[in-house]
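J.: Just a sequence and a predicted model for now, questions to come.
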Amino acid sequence: MGMTMRVSLPGYDALTDGTIDHYSIYADSDNILIKEKTRGTISVSGFGTVNHNLGYVPLIYAYLTDGTTATFCTSTNGFGQFDVYATTNDYIVRSISGTRTFKYFIFHDQQV
């Protein structure tokens, strides 16, 4: 085997495990595997939920968008107008001030 880079998920041995789903990075070929589970858009007035059903808290990127710009979301925007967070089975968005549209990307990488 030539040069490679592998980063295994917790509980798996990168030197011996051959199952590609047990890695967050698997670069044995010309392309690096980025383990995205799903992506989408959700419009929220109040609460909105996207089920990921992974059984752990995954890496999630969320952006507030108005169709022309996108603002990266952290767990709260500091003004109390919206917040986003993840649980072991859901990604939850809350909008306090009107209907807001969020783009999201959910990855297989376990955060907690």
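T.: Sure thing, it's come through. Numbering: from 1, shown residues only.
J.: After the helix-or-strand element of the chain with minimal mean pLDDT, which helix or strand is next?
T.: Lowest by mean pLDDT, DSSP states H and E among the helices and strands of the chain is strand 23-26, with a mean of 76. Past strand 23-26, heading to the C-terminal end, the next element that is a helix or strand (DSSP states H and E) is strand 36-51.
J.: Okay, buried residues for that next one please.
T.: Within strand 36-51, the residues that qualify as buried by neighbour count (16 or more other CB atoms under 10 Å) are 44, 48, 50. To be clear about C-beta, it is placed using only N, CA and C from the backbone, and glycine gets the same treatment.
J.: in its sheet, what does the least confident helix or strand of the chain sit against?
T.: Listed by DSSP bridges, the sheet partners of strand 23-26 and their directions read strand 6-8 (antiparallel).
J.: starting at the chain centroid, how far to the partner strand?
T.: Its chain's average C-alpha position is 18 Å from that of strand 6-8, according to CA atoms, centre = their mean, to the nearest Å.
J.: what's the average pLDDT for that strand?
T.: Taken as a whole, strand 6-8 carries a mean pLDDT of 82.
J.: Give the pairing partners of the longest strand anywhere in the chain; include direction for each.
T.: The residue-count maximum for a strand in the chain (DSSP state E) belongs to strand 90-110. Partner strands for strand 90-110, per DSSP bridges, with pairing direction: strand 36-51 (antiparallel), strand 58-65 (antiparallel), strand 82-86 (antiparallel).
J.: List of residues touching the second one?
T.: Around strand 58-65, the neighbours that count as contacts under CB atoms under 8 Å, 6 or more residues apart in numbering are 37, 41, 52, 70-73, 77, 82, 84, 86, 91, 93, 100-111.
J.: Restricted to buried residues, select those residues in PyMOL.
T.: Selection of the buried residues among those in PyMOL, burial being defined by 16+ other CB under 10 Å:
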select buried, resi 52+73+82+84+86+91+93+100+101+102+104+105+106+107+108+109+110
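J.: what stretches of the chain score poorly on pLDDT?
T.: With pLDDT under 70 as the threshold, the chain has low-confidence stretches at 1-2, 28-34, 74-81.
J.: and of the buried residues of strand 36-51, the nearest to residue 56?
T.: Closest approach between the buried residues of strand 36-51 and residue 56, by CB to CB: residue 50, at 15.4 Å.
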